[in-house]
Structures are given as C-alpha cells and as structure tokens.
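In: Predicted structure and sequence below. I'll ask about it afterward.
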Amino acid sequence: MTRVLKIGGSILTDKRRDAAARPEEIRRVAEEIASSPEDLVLVHGAGSFGHIPARRYGLPESFSPEGLLQTHKSVARLNDLVVEALSRAGASPMPVHPLSCTLLKDGRIEALAVKPLREMVRDGLLPVLHGDVAMDASRKAGIVSGDQLVPYIARALGADVVAVGTDVDGVLVSGSPIAEMTRADLASLEGALGGSTGVDVTGGMKGKLLELLDLADDGIGSVIFNASREGNISRALMGEHLGTRVRAI
Ligand code: IPE
C-alpha cells in the first residue's frame, strides 16, 4: 500500500505575509503524520515561502537566475521546518527538492525521479517534497506546484490513498462542501468554485481539482479535506473519505 498526502501551504504558513511560518500548525501536522508515517510520500505546499517571492520576481513568466535561486531557497527553508518537525515527532523524514529531480515541459512535469522515492518508502523513510521552481525544457524555468506533484507521484507509485489537505472543508459550493465530485459535475460547478486565500500563483482550488480529476480518470480516487481541523490528517491517512471525494465517472 502506498499513500500520497499533500498539506497545503495555507495550513503551514500565513499566505498573506512573506515567509511567515505557523510553527504550532507545523508541529501539529507533523505529529498527526508521525502517528502513521509508513508507506507514505508527503508533499507540502509552498505557501508564502513560494508564492510571494515567485510573484516578486515575476515567475514563472520571466526567467531570472536570482528569482529562481531566492524562491527555491525560500521554499527549501519551509521544507526544512517541516522535516525538522517530523523528526522531532518521531518520523524518519527525507527532504526531496523537486528542483533537483524534476523536469517540466510547458509547465507540466515531463520527468521526475521516482525510483529514489520508492526506495525511501521501502526502507522506512518518509520522503518530503514541496512546491518548487524547476527547469522547463520548453521555456527555461517554471513552477511545479504540490498539486501537480501529487498526481504524478500517485500514478508512478500506484497509490492506494491520495489525500489533499487544504484550509477548507473540501470543494465548497455555496459555502458547503460537496461529498463527491466527478468530471461530469465540473461544468455545473465551475462558476461556484472559490479561489484561494492570499497570494497563489498555481491555481487554487480549481487547479487542484483539475489535477485530481485527471488522476481519477486514470483510476486513482482522492479526497480534498480540511487539514486545519485536528485529527483529519490521521483520518485521511487511514483512507477515510472526508471532505470531498474525487472519483471517476
Ligand atoms: C507553489 O507550490 C510553489 C511556488 C510558488 C514556488 P504550491 O502551489 O504547492 O503551494 P500552495 O499549497 O499553494 O501553498
């Protein structure tokens, strides 16, 4: 069994303020994950550590070595905080920086080294990836969001559980989470889907949903749940259907 969990940057950081971590939340999230760390790949969002420097340097539209370096260093700092918290909580995390193992083409993942991830999981380690900058074969460089990493890794590893934790109760329609969602529902819901709080350069809820609907088309269902509610991460890791379940038609 393999599980892929994403924790959104809005949980771990204050998305409105540059590089503003939420240490208490990082600790809580780490403790919930450390209660069930086996057969798991963790991907976390970049939050204000990524979106704010990316916006400042005009990424991904404009290429700037300084922008790439500063944005990467900033998201790597958040990754370091998450890895530290997981270690303290008793898990065996390993930082994996997408910049060093991912190639994009037109903004989409063209290649990602999954073999080391598989090996880490097999050896009882918990790989911890994050939204990052990455080289792009067709336009110099780009941004790889956690929302894009999750389905890629889930497909490559044949994940049984895919859970995407956000700061809302799932896919909200008129303020309430819907229990289930398929591609057939997309057209009717499109206008009602909310964006994201704070600065977001990678697509908010709609971007997330499109990624997960594609994954469902390939036979891998997922849930979008509220990771800011205590206990939900542990429940999602057990494969419980909380929040909104994204499934194939
Ligand atoms: C974005 O990552 C990465 C950068 C802006 C460099 P994500 O899209 O995964 O981050 P969150 O979850 O929205 O914070």
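Out: Everything's here; your move. Residues are numbered from 1 along each chain as shown.
In: For the helix or strand containing residue 31, what is the distance to the chain centroid?
Out: Assigned by DSSP states H and E, residue 31 belongs to helix 23-34. Centre-to-centre, helix 23-34 and its host chain are 16 Å apart (Cα atoms, centre = their mean, to the nearest Å).
In: That one close to the ligand?
Out: No - Helix 23-34 stays clear of the ligand (Cβ under 6 Å from any ligand atom), getting no nearer than 12.8 Å. For every residue, glycine as well, the C-beta is placed using N, CA and C.
In: Can you give me the buried ones in that helix?
Out: Within helix 23-34, the residues scored as buried using 16 or more other Cβ atoms under 10 Å are 25, 26, 27, 28, 29, 30, 31, 32, 33, 34.
In: Quickly note the distance from residue 225 to the ligand.
Out: Applying Cβ to the nearest ligand atom, to the nearest Å, the value for residue 225 to the ligand is 14 Å.
In: From residue 78, how far off is the closest residue in space to that residue that isn't next to it in sequence?
Out: Closest residue to residue 225 apart from its sequence neighbours, by Cβ to Cβ, 6 or more residues apart in numbering: residue 243 at 3.2 Å. Distance, residue 243 to residue 78, using Cβ to Cβ, to the nearest Å: 24 Å.
In: higher neighbour count, those two?
Out: residue 243 (28 against 24; other Cβ atoms under 10 Å).
In: next SSE after the helix or strand hosting residue 141?
Out: Per DSSP H and E, residue 141 falls inside strand 140-144. Per DSSP H and E, the first helix or strand lying C-terminal to strand 140-144 is helix 146-157.
In: Is the ligand within reach of that following helix?
Out: Yes - using Cβ under 6 Å from any ligand atom, helix 146-157 reaches the ligand at 146, 147.
In: in its sheet, what does the following helix or strand past that helix sit against?
Out: Downstream of helix 146-157, the first helix or strand assigned by DSSP H and E is strand 161-166. For strand 161-166, the paired strands and their directions (DSSP bridges) are strand 3-7 (parallel), strand 222-226 (parallel).
In: what about the closest residue to residue 215 other than its chain neighbours, distance to residue 183?
Out: Spatial nearest neighbour of residue 215, excluding adjacent residues (Cβ to Cβ, 6+ apart): residue 151 at 4.0 Å. Going from residue 151 to residue 183 by Cβ to Cβ gives 14 Å.
In: How about the residue in this structure that sits furthest from its center?
Out: Of all residues in the chain, residue 188 has its C-alpha farthest from the mean position, at 25.7 Å, by Cα atoms, centre = their mean.
In: Right, I'll call it a day here.
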